[in-house]
Structure formats: C-alpha cells, structure tokens
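Trainee: have a look; sequence and predicted model below, questions after that.
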Amino acid sequence: MKILTILGARPQFIKAATVSRAIVGHNESNKDEIREVIVHTGQHFDANMSGVFFEEMGIPSPNYNLGIASLGHGSMTGRMLEGIENIIHREKPYSVLVYGDTNSTLAGALAASKLGVPVVHVEAGLRSKNMSMPEEINRVLTDRVSSLLLCPTSIAIDNLKLEGYPFPTVGKSPQEMARIGDVMYDATLHYRERAKQTVALEKWGLIDKEFCLCTLHRAENTNNSERLDSIFKALRKISHSIPVVLPLHPRTHNLIEKFGRREWLEGLVILEPVSYLEMQRLEMGAHSILTDSGGVQKEAYFHRVPCITLRDETEWVETVQMGWNYIVGSDTDKILAAFHKVGEFTDCAQNPYGDGMAAQRVPQLICNLK
C-alpha cells in the first residue's frame, strides 16, 4: 500500500516526523505494509528552514523535491499542483497525505482529488473564522475534498459538524472523520529530552526563564508596515526589562529591508532561523512567548509557558480557554498589558491535544479507508 506524503514547510516536517516513525512501527507489526513516498515541494527550501529538520528529526529523505519557492500564491500553488499531479500519475498511490494549511497542502489535496485519489488531511477541522488568511482558505478547501479528516481536538470535530461534515460522498466513498489528537504534541513528547540536552541557551548567552521569545512571520503582520511598527514598538519596550529573542524568519527579514526599517530590530536579540530542537529549548526556557505562529502557540502550552498571540484570532482556541494564551493583535498597549499579566496564567492539568499517540492512529486509519 503506497501513500504519497506532501511536505513543504517547517510545521509539516515536525508533523511528518511523528507519522513517518509511526508508519515504520505499523509495518513492523501489521500485515498491511505501507510504503511512504515523500514529496517536498520546496516551499521552505534553505538549510535552516528545511534540510536541518530532515536531518535532526530523522525524517526519510524526500523521494521528490519540486524546488518551488519564493513565488506568489497563484504561481506557487499552480506549479506545485502540476508537479504533484505528474508524480501521482507516476507513483499511482493508494492515498495522498497532507498536513496543515499551506499552499503545499492545498496543491496536494487538489491534485489528488481531481485524479480520484483519496486525500488524508492531518490537522483537519481547524478554523480561525478569518477568510482573509491564506491559511484559512487552504484549510477550508482541503477539508472539503478530503476523504479522511483527522482532527486534533474535539473543537475541530465540532467545527466540521457545524459546516455539515462528514459529506455523503467525496470521490467514490463516504467522507470519514476522526479525532486522533495532535501529532505536534507527540513530537514534543518524543524530542523533549533531546531538546533539553542542546546548548541553545549557552550558545546565545541566555539564562533560563530570563528572556522572552518571539516569532513573527504571518502575512497579516509582515505585509503591513503599521502592524509591524506597532508590534516592534512593544517588543523594544519589553526589551528594556528582559531580553527579547527573535529568530528572524527570512520573509520577515526581507520585508523589514523592503520597508527600510532596520531600526525596528534595535535592542532585540536577533537569531538566524533555528533548528527544531533549538526552538524547543528556547520555548521551554522562555519566561513568555510572543508569536503569530499557530504551532508555537500550542508548543508554548505543551511546555507550560505563557503565550501572547500577535494575531486578531486563533484556530487553537483551547489554549485561550485554558488561560495560557492571550490574543492581542498588533496593538502596542494590548501587547504590553498582556506581558504584564503573564504571572496570572492558569496552571491547568487538562490536555485537549490527546495522549501523545496521535501519529500511531494515522496509518491504521489510512489502511481502513474504503
């Protein structure tokens, strides 16, 4: 049984590491052997954004690399669609496995569904309710053409039900959905001890719980100079009392240069993009985290570190409901107010993201596809 896995961006590499490992375990103990063929679209292409993840997390080397990056949404998605379609014709997979909400996700789902190949969507059912976000568009469209919707939380299941899922037919069979837990939680548990052994803090002269960590890359922030200006104003004010560490995403760096605003970075600890294990060590060592990343919001909760989300909404509403995450947008005053409240976050024992066994459920559910 052959499955085609589509990857392109850092969060997908993290998720795929857990599922690829689960596929190997499945093959060792089941007669239904799965052969995984990995396609890297190239969306994140340089060593810091891609190669180091495959090496560090033990992800099998891609069977195909399309090398498609640094293009607009239409050009990027169109070329990926063409490339993936050609690979599907060549490999004739039983199903196509996609993760998350990127252009790579949507291209894989569209290519497969148009050729009658069942689509398996890991991280289905997430909704921010903001259709101006490219990621929200990708999620909604991918879910609609997927045969198997693998949801991380009960809220994701509820989101789908409210939209009329599951549908009677997708392709030739009824659409199926299941709550499996969050594969990123699996990854955090699996790599936590290795992350603790890294020298990330020593490498940059940081002291445990005596710095704030920030990540910033979403188009809604980086494409808008006013939002960026407001966010960086807050970060610089915070840096007067505690170091603010910013691993600088290439997209954000390029747009800062385009806007001619290098002064935004003054007073901050600027790092090149870091590896997965280094990022985990930074997260667990941070006093608090400021981010516009969905994955980092969850990882902050996994490590029980307060999170301040630099967006106007989130698809990971559980973190907000449990008191570990403040949604503040880009407003300077709201960011600073949230920062001064981080000691009031709730220590909550419940975990809506599963039992750390989400990845093991994926190959079995794929094998059960009708």
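Mentor: That came through, no problem.

Trainee: average pLDDT across stretch 146-164?
Mentor: In this model, stretch 146-164 has an average pLDDT of 98.

Trainee: where does the protein have low pLDDT?
Mentor: 44-51, 53, 343-349 (pLDDT under 70).

Trainee: what about the strands in it?
Mentor: With strands called from DSSP state E, the chain shows them at 2-7, 35-40, 64-65, 95-99, 119-122, 148-151, 176-179, 212-215, 244-247, 269-271, 288-291, 307-309, 325-327.

Trainee: can you pull out the helices in the stretch 51-200 of the chain?
Mentor: 52-57, 73-91, 103-114, 134-145, 154-162, 183-196, 200-203 (DSSP state H, counting those that start in this stretch).

Trainee: just name the most buried of those helices.
Mentor: Scoring those by mean neighbour count under mean count of other Cβ atoms under 10 Å gives helix 103-114 as the most buried, with a mean of 25. The C-beta positions use only the backbone N, C-alpha and C, and glycine is treated the same way.

Trainee: residue contacts, E91?
Mentor: Applying Cβ atoms under 8 Å, 6 or more residues apart in numbering to E91 gives the contacts K2, L4, V37.

Trainee: start to end distance for stretch 242-258?
Mentor: Stretch 242-258 has an end-to-end distance of 28 Å (criterion: Cα to Cα, to the nearest Å).

Trainee: apologies, that question was intended for stretch 310-327.
Mentor: Terminal-residue distance, stretch 310-327 (Cα to Cα): 7 Å.

Trainee: in that stretch, what's buried?
Mentor: Neighbour-count burial for stretch 310-327 flags 310-312, 314-320, 322, 324-327 (criterion: 16 or more other Cβ atoms under 10 Å).

Trainee: can you check stretch 334-344 too?
Mentor: Neighbour-count burial for stretch 334-344 flags K334, I335, L336, A338, F339, V342 (criterion: 16+ other Cβ under 10 Å).

Trainee: now, which of these lie within helices?
Mentor: K334, I335, L336, A338, F339 (DSSP state H).

Trainee: not counting sequence-adjacent ones, nearest residue to the first one?
Mentor: Counting by Cβ to Cβ, 6 or more residues apart in numbering, V328 is the residue found nearest to K334 once chain neighbours are left out, at 4.1 Å.

Trainee: just send the ones in helices among the buried residues of stretch 334-344 back as CSV, with distance to S95 too.
Mentor: As requested, these are arranged in CSV below (distance: Cβ to Cβ, whole Å):
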residue, distance to S95
K334, 44
I335, 43
L336, 48
A338, 42
F339, 45
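
Trainee: returning to what we had before: any idea how far the residue nearest to K334 is from C212?
Mentor: 14 Å (Cβ to Cβ, to the nearest Å).

Trainee: kindly report the same for M1.
Mentor: 46 Å.

Trainee: which one's more surrounded, the two?
Mentor: C212 (25 against 15; other Cβ atoms under 10 Å).

Trainee: wait, that one touches L290, no?
Mentor: Yes: shown here, C212 and L290 form a contact pair, counting by Cβ atoms under 8 Å, at 6.4 Å.

Trainee: between these two, what contacts are shared?
Mentor: Listed as contacting both C212 and L290 by Cβ under 8 Å, 6+ apart are V244, F339.
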